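A.B. asks: I'd like to go over a predicted model; first the sequence, then the structure.
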Amino acid sequence: MNTQKLLNFALEGIDTIGYRLDQMGITGKVNRHNIAAYLAAEQKYLEGEWDSIQARVDRRRSQFEHITHAVETRADALLGPVFDRVNRFRARQ
């Protein structure tokens, strides 16, 4: 069974359920259009959540890169003179 047939079968089932519920006077909100609108809204909501997560990850990555750069700079400033003295000591021997 291909995807289109399966989709049509599901939509017909939704229409049937909505029609039966409407006949019983329960609700008129179960139909393919309302379900499609609901799914589209949920998709947009999830896309927004994903974008929010991506923004937080990018922010943390940027903070981490900034911290590692600062640590490397300080390590070079602290260890550079030490390595220079060790190299000068080695050169004398």
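C.D. replies: Good, I have the coordinates.

A.B. asks: Going by residue numbers, what spans are helices in this structure?
C.D. replies: Listed in chain order, the helices found in the chain under DSSP state H are 3-23, 32-92.

A.B. asks: Just want the angle from the longest one to helix 3-23.
C.D. replies: Calculated by axes from the mean of the first three to the mean of the last three C-alpha atoms, to 10 degrees, helix 32-92 forms an angle of 130 degrees with helix 3-23.

A.B. asks: average pLDDT across helix 32-92?
C.D. replies: Mean per-residue pLDDT for helix 32-92: 89.

A.B. asks: list the helices and strands it packs on?
C.D. replies: Packed against helix 32-92 by the contact rule (3 or more C-beta pairs under 8 Å, 6 or more residues apart in numbering; DSSP states H and E) you find helix 3-23. From N, CA and C alone the C-beta is placed, and that goes for glycine too.

A.B. asks: Now do the same contact list for L11.
C.D. replies: Neighbouring residues of L11 by C-beta atoms under 8 Å, 6 or more residues apart in numbering: R32.

A.B. asks: let's see it at 10 Å
C.D. replies: Under the criterion of C-beta atoms under 10 Å, 6 or more residues apart in numbering, the contact partners of L11 comprise 31-32, 35-36.
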